[in-house]
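1. sharing a sequence plus its predicted fold:
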Amino acid sequence: MTQLHGKTAVITGAGSGIGAAIARLYASEGANLFLLDVDKAQVDAVAVECSSTGVTAVARRVDVMESDDVRAAMDAAAELLGGIDILVSSAGILDETPFLELSPEVYDRTMNVDLRGVFLAARWAAPHMVKRGGGRIINISSQLGIKGGTGLAHYVAAKAGVIGLTKALALELAPHSILVNAIAPGPIFTPLIEGLSDEWKAAKQAELPVGRFGTPEEVAPTALLLASSPGGNLYTGQTLGPNSGDVMP
């Protein structure tokens with residue numbers, strides 16, 4: 001028996017990296033999918049791959065910075081799939097810029113994608129979950145949102161904000177049987193991390209008790225746990241950390 005049979009999931013940032021890995025795992029567990037990404041070609045390819053398992057997988061180009069686009073996507077997902085049970089917010093950007101060189105424009109863009117995009121996805125998906133009688137919201141943060149990191153003040157601020165937003169939503173949406181949690185991965189081999197310097201990556205790897213970066217496929221099972229029942233039933237307002245030991249709360 002598949003763990004998500006009969007469930008519908010919307011995933012942002014589903015065209016690559018952690019979002020794509022979660023999409024593939026959810027498809028293998030029987031979930032029907034509405035996959036969103038700013039790169040239409042990439043998300044189309046992931047949808048085709050997921051559809052091969054026998055589930056419905058719809059791809060749509062969405063810029064998570066655009067409120068009207070996100071709202072329309074959530075409405076379309078609910079209409080086409082019969083509702084929204086699970087939302088995974090995985091869209092994000094990352095670049096390495098020393099704070100003394102950080103422009104307001106770069107800061108604002110990172111906050112708009114990595115934090116405001118998470119807010120918009122939850123804001124327009126949650127009403128559909130209320131109508132359905134409950135749901136799960138899973139926000140992808142970062143271990144750097146807990147411990148900080150050099151050259152990444154804008155990214156750290158956004159990811160810390162995701163953790164705070166997750167806690168607030170968990171409290172406010174619990175009466176509607178909507179469970180809200182965050183995942184704060186450590187460094188993961190994804191296209192996102194390719195923009196960081198070799199020096200940064202080498203120094204970070206040397207800090208990790210596990211001694212290596214993770215893969216998206218090693219993060220996706222945490223998202224499955226939080227979406228599943230009974231496995232995820234008692235989690236809300238939590239931040240789970242598949243982070244190679246970089247953070248030990």
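-> Sure, I can see it. Note that this is a predicted model, so its numbers are computed, not measured.
2. all contacts plus neighbour counts: C-alpha atoms, from now on.
-> OK.
3. number of residues surrounding Leu170?
-> Just so we're on the same page, residue 170 is Ala rather than Leu. Neighbourhood size, Ala170 [other C-alpha atoms under 10 Å]: 22.
4. hey, which helix or strand in this structure has the poorest pLDDT?
-> In the chain, the helix or strand scored least confidently by mean pLDDT, DSSP states H and E is helix 198-207, which has a mean of 88.
5. the helix or strand just after that one packs against which elements?
-> Once helix 198-207 ends, the next helix or strand along the chain (criterion: DSSP states H and E) is helix 216-227. With contacts defined as 3 or more C-alpha pairs under 8 Å, 6 or more residues apart in numbering; DSSP states H and E, the packing partners of helix 216-227 are helix 17-28, strand 135-140, strand 178-183.
6. average pLDDT across the second one?
-> Going back to what we said before, that points to strand 135-140. Strand 135-140 shows a mean pLDDT of 98.
7. residue contacts, Trp124?
-> Val70, Arg71, Met74, Asp75 (C-alpha atoms under 8 Å, 6 or more residues apart in numbering).
8. looking at these, which one is closest to Ile137?
-> Met74 (13.2 Å; C-alpha to C-alpha).
9. does the closest one touch Arg123 like I think?
-> No - the pair Met74 and Arg123 does not pass the contact test of C-alpha atoms under 8 Å, sitting 9.6 Å apart.
10. need the helices and strands packed on helix 216-227 in JSON lines (columns: distance to Leu152).
-> Listed next are the helices and strands packed on helix 216-227 as JSON lines, based on distance: least, C-alpha to C-alpha, whole Å:
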{"stretch": "helix 17-28", "distance to Leu152": "20"}
{"stretch": "strand 135-140", "distance to Leu152": "17"}
{"stretch": "strand 178-183", "distance to Leu152": "19"}
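11. longest helix anywhere in this protein?
-> The single longest helix within the chain, with elements called by DSSP state H, is helix 153-173.
12. buried residues of that helix, list them for me.
-> 153-167, 169-170, 173 (16 or more other C-alpha atoms under 10 Å).
13. swap in stretch 78-90?
-> Buried, per 16+ other C-alpha under 10 Å, within stretch 78-90: Ala78, Leu81, Gly83, Ile84, Asp85, Ile86, Leu87, Val88, Ser89, Ser90.
14. same thing with stretch 174-187?
-> His176, Ile178, Leu179, Val180, Asn181, Ala182, Ile183, Ala184, Pro185, Gly186, Pro187.
15. would you turn these into JSON lines with pLDDT and distance to Lys147?
-> Output for the buried residues of stretch 174-187, formatted as JSON lines (pLDDT from 0 to 100; distance: C-alpha to C-alpha, whole Å):
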{"residue": "His176", "pLDDT": "98", "distance to Lys147": "32"}
{"residue": "Ile178", "pLDDT": "98", "distance to Lys147": "28"}
{"residue": "Leu179", "pLDDT": "99", "distance to Lys147": "25"}
{"residue": "Val180", "pLDDT": "99", "distance to Lys147": "21"}
{"residue": "Asn181", "pLDDT": "98", "distance to Lys147": "18"}
{"residue": "Ala182", "pLDDT": "98", "distance to Lys147": "15"}
{"residue": "Ile183", "pLDDT": "98", "distance to Lys147": "14"}
{"residue": "Ala184", "pLDDT": "97", "distance to Lys147": "11"}
{"residue": "Pro185", "pLDDT": "97", "distance to Lys147": "12"}
{"residue": "Gly186", "pLDDT": "91", "distance to Lys147": "11"}
{"residue": "Pro187", "pLDDT": "89", "distance to Lys147": "13"}
